[in-house]
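>>> structure for the following, please:
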Amino acid sequence: MGPQGRAACSLLFLLQALAEPAENSEFFLPGDYLLGGLFTLHANVKGIVHLNYLKVPKCKEYEMKVLGYNLMQAMRFAVEEINNDSSLLPDVLLGYEMVDSCYMSNNVQPVLYFLSQDDYFLPIQEDYSHYVPRVVAIIGPDNSEATKTVANFLSLFLLPQITYSAINDELGNKGRFPVVLRTMPGADHHMEAMVQVLLHFRWNWIVVLASGDDYGRENSHLLSQRLAHRDICIAFQETLPTPQPDQTMTPQDQERLEAIVGKLQQSTARVVVVFSPELALHNFFGEVLRQNFTGAVWIASESWAIDPVLHNLTELQRAGTFLGITTQNVPIPGFSEFRVRRSRLGRPALNRSSGGATCNQECDTCLNTTASFNSILTLSGERVVYSVYSSVYAVAHALHSFLGCNQSGCRKDVVYPWQLLPEIRKVNFTLLGHQIFFNEQGDLSLNLEVIQWRWDLSQNPFRSVASYQPFKRQLKHIQDISWNTPNNTIPVSMCSKNCQPGQKKKPVGLHPCCFECIDCAPGTFLNQTLDEFDCQPCPSSEWSHRKDTSCFKRKLAFLEWDEAPTIAVVLLASLGFLSTLAVVVIFWRHAQTPVVRSAGGPMCFLMLAPLLMAYAAVPVYVGPPSVSSCLFRQAFFTLCFTVCISCITVRSFQIVCVFKMARRLPRAYGCWGRYHGPYVFVASVVMLKLVIVASSILATTAMPTTRVDPDNPRIMILSCNPNYHRGLLINTSLDLLLSVLGFGFAYTGKELPTNYNEAKFITFCMTFYFSSSVFLCTFMAVYSGVLVTILDLLVTVLNLLGISLGYFGPKCYLILFYPERNTPAYFNSVIQGYTMRKD
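Numbers count the residues shown, from 1 in each chain. Reported below is the predicted structural model:
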């Protein structure tokens, strides 16, 4: 016999061994159409490879799994309920055949058996379109790794597979796993629900423990990816050692457990997320209790979130608060009683010989062990049970549709797997108040629940504290949790406490969750939505205090009407305006008198007019500076001063000419008078001044600017261009020259007749103007701000008053109080006296 013959005989022997009839009808129910079931009644998490590949592993030698048997009972209950329902698959008997998959050890052999026909042969064919396997669909297995193994076989035959607790998101890839459907949300939603729990309680410093199998590695990696964008850090991540099938630990594994728990003791993280099959956790939690590690929050993945055997370790409540992610509770009427009901034995199988019990279709202790946990199973509700229950009903509704069932009955046609698969995908029905349909990924989107472990026997041991809706990806209905902490306070698990508003984070170490809090300096603020690790500078027009989260507008400082210095200077300007107006009236009424004529005659009004205009324009210094107000300050006032000072200068020159130069240069003096020399001189000076002012404006813009007050950064000084003082110095240079000339001419005529001797008045005016202008330019070069504006205005008003009162005041005094001296006779006598003294 060749190798192919020996392999065929071996396969036949294996399938016949698996097909031995079972006396225990819990594993087999004959029917027109059979469903295959894969459940973990005993678990070998180690997954030891057998030395003899032809030997089927004996699952009953491993640890019994209560939840696995509970789920198998759910499938039996659903099938019997459907068979007793006249509206669903009428006159059709639905049967089942179930095998213990031992978690990971026994998946391939049952699949080969389910795919074989009644003669136990699995023929090799080119086309399986008309091949009818033993079962029409398979329910299970319960974990992702085993589900992938089974799916790889079933995909070749397009035999529908509905898994009730495998969450790996790769199973949603229909190109790779076309036959897989799931009645539990995928890992994506489980991780999202877990992350939202962490965010809700502000836990950003956690520990992740994972088993060494694919389940632990894949889910811990998926969680790490989710946390990377949620500001949650993993303090450390460890792999839990996997125990032997008999739950014994090697010395190396025991040392590893001790090191992991010791590391937990030293860590500041108080939240521990665990991804592992429940059988790998018994030794771990035993070590946790031995080292008396308490006060933690344990977050369980769906693989052990509602495990009654682990929950039966009542001492675990000392370890802290236990939370878990699992499917929602959907009560199934009558199931609690069915779960512990003994099955009828010895019922012969159709077309099966009556041999002894076959391998992995027996569980001697399942019923009694489950009965001991019946109270906790009943109180905890039907969670994953509903996933199995709805899986069976999905197949039943697909068969109902495919067989064209109505009230009278169904066609009992041959059902090929590839025909039933699309019918299952299209089902849409209501089961116990929940809508059952599969999305494009083949998933049934039932809600998830966050549960808390309780050890009060009178209450639900797995109390629901929150609900997660996959469609909305949102955690809702969060209830109060009974924390295993002093005063029932929410445990804190943060590497660093949250910074106060206005404090930036300075990273410490590698984790972004570990940081120091540093106050933002004045002039900066913290915008947490943009950057929590750096303070942003305020805009130039805004400012902030230390630890501010936003900037405020700087106070604009300028000369305001309600300030005392402004009021004082404006009152002074008003007084000058009124006094100048009085001078105009007095001079107008006495225009032909010798005093007015000696003061300049019509030229006096040329001086008084710009003085009045300058006084009237004083308000441009008050209020926010603008282009026009800055132009007024830089051009208008200096033009007014130029007109006045040029008139005074030419008047001083003219008096000296009359008394000292007329006799020496008569022709020149005649030309001076004949061609209106004083007015030509004033006009020339004014034109020159216009050129200087225009050049200054072009060189230094009149646009107002803002500058920060160096003494108080909360204040923004609003003023004319910072180069304004340079323009002012240029504009006043001609005036300063004229004031020096006027002073010189006045001093030269100090010996003239008293009525024409204006040296002391002109000297006072010119000296005050010269010194005040130099002082103002010097002060503006050193200081800035509102004080400069006030001083500029004050100097301007005082210079105006110096001309108004210093030059015209004595003449008005003479006109009003000494009218006898304002006569031609008196002036002639004074001139004659001066002439006689000179002779």
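
>>> secondary structure class for the residue most central in space within the chain?
Residue closest to the average C-alpha location in the chain (CA atoms, centre = their mean): residue 529, at 3.9 Å. Classification of residue 529 using DSSP: H, G, I helix; E, B strand; the rest coil returns coil.

>>> how far away is it from residue 549?
11 Å (CB to CB, to the nearest Å). For glycine as for every other residue, the C-beta is placed from the backbone atoms N, C-alpha and C.

>>> likewise for residue 502?
Look at residue 502 and residue 549: by CB to CB, they are 5 Å apart.

>>> neighbour count: these two, which is higher?
A count of neighbours by other CB atoms under 10 Å puts residue 502 above the other of residue 502 and residue 549, at 20 against 14.

>>> so what's the closest residue in space to that one that isn't next to it in sequence up against?
Leaving aside its chain neighbours, residue 502 sits nearest to residue 547 (3.2 Å; criterion: CB to CB, 6 or more residues apart in numbering). Contacts for residue 547 (CB atoms under 8 Å, 6 or more residues apart in numbering) come out as 500-503, 519-520.

>>> so what's the backbone phi/psi at residue 582?
Dihedral angles phi and psi of residue 582 (degrees, to the nearest 10) take the values phi -60, psi -40.

>>> and the helix or strand containing residue 791, what does it pack onto?
Counting by DSSP states H and E, the element that carries residue 791 is helix 786-817. With contacts taken as 3 or more CB pairs under 8 Å, 6 or more residues apart in numbering; DSSP states H and E, helix 786-817 sits against helix 564-589, helix 594-599, helix 602-616, helix 637-656, strand 715-719, helix 759-782.

>>> restricting to C-alpha, output the helix or strand following the third one in PDB.
Read in the C-terminal direction, the helix or strand following helix 602-616 is helix 627-631, with elements assigned using DSSP H and E. Taking only C-alpha atoms (Å, rounded to 0.1, in the frame of the first residue of the first chain), the coordinates of helix 627-631 have been written out as PDB:
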ATOM      1  CA  VAL A 627      -3.600 110.800  10.700                       C
ATOM      2  CA  SER A 628      -5.200 114.300  10.700                       C
ATOM      3  CA  SER A 629      -4.400 115.000  14.300                       C
ATOM      4  CA  CYS A 630      -0.800 113.900  13.800                       C
ATOM      5  CA  LEU A 631      -0.600 116.200  10.700                       C
END
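
>>> name the residues of helix 627-631 that are buried.
Of the residues in helix 627-631, 629-630 count as buried by neighbour count, 16 or more other CB atoms under 10 Å.

>>> one step back: any of the contacts of residue 547 buried? List them.
Burial by neighbour count, 16+ other CB under 10 Å: within those this picks out 502-503, 519-520.

>>> can you pull the poorly scored residue ranges out of the stretch 101-250 of the chain?
244-247 (pLDDT under 70).

>>> pull out the buried positions in stretch 474-487.
475, 481, 483-485.

>>> what's the end-to-end length of that stretch?
29 Å (CA to CA, to the nearest Å).

>>> what about that stretch, average pLDDT?
For stretch 474-487, mean pLDDT rounds to 88.

>>> what comes into contact with that stretch?
So stretch 474-487 is in contact with 193, 196-197, 200, 295, 317, 320-321, 323, 450, 452, 454, 464-469, 488-491, going by CB under 8 Å, 6+ apart.

>>> now the angle from the helix holding residue 791 to strand 715-719?
Interaxial angle, helix 786-817 versus strand 715-719 (axes from the mean of the first three to the mean of the last three CA atoms, to 10 degrees): 50 degrees.

>>> and helix 786-817, which residues are buried?
Here helix 786-817 shows 786, 788-809, 811-812, 814-815 as buried, counting by 16+ other CB under 10 Å.

>>> over to stretch 200-210?
In stretch 200-210, counting by 16+ other CB under 10 Å, buried: 201, 203-210.

>>> quick one: contacts for the nearest residue to residue 614 once chain neighbours are set aside?
Nearest residue to residue 614, sequence neighbours excluded (CB to CB, 6+ apart): residue 640, at 4.1 Å. Residues in contact with residue 640 (CB under 8 Å, 6+ apart) are 610-611, 613-614.

>>> doesn't residue 400 belong to a helix?
Yes - secondary structure of residue 400 (three-state DSSP): part of a helix.

>>> could you check how far it is from residue 632?
With CB to CB as the criterion, residue 400 and residue 632 are 96 Å apart.

>>> more crowded one of the two?
residue 400 (22 against 19).

>>> need the contact list for the more buried one.
Residue 400 is in contact with 88-89, 410, counting by CB under 8 Å, 6+ apart.

>>> distance check, it against residue 407.
Following CB to CB, the distance that separates residue 400 from residue 407 is 12 Å.

>>> now do the shared contacts for those two.
With CB under 8 Å, 6+ apart, residue 400 and residue 407 have no common neighbours.

>>> ok, the closest residue to residue 642 other than its chain neighbours - contacts?
The shortest distance from residue 642 to any residue other than its chain neighbours is 4.4 Å, reached at residue 689 (CB to CB, 6+ apart). Neighbour list for residue 689: 638-639, 642, 731, 734-735 [criterion: CB under 8 Å, 6+ apart].

>>> out of those residues, which is nearest to residue 307?
residue 731 (93.3 Å; CB to CB).

>>> got a list of what residue 83 touches?
31, 89, 93-94.

>>> same for the helix or strand encompassing residue 152, what does it pack against?
Assigned by DSSP H and E, residue 152 belongs to helix 144-154. Applying 3+ CB pairs under 8 Å, 6+ apart, one finds that helix 144-154 contacts helix 108-115, strand 161-163, helix 214-227.

>>> out of those, the one nearest residue 331 is which?
Here strand 161-163 is closest among these (CB to CB), at 21.4 Å.
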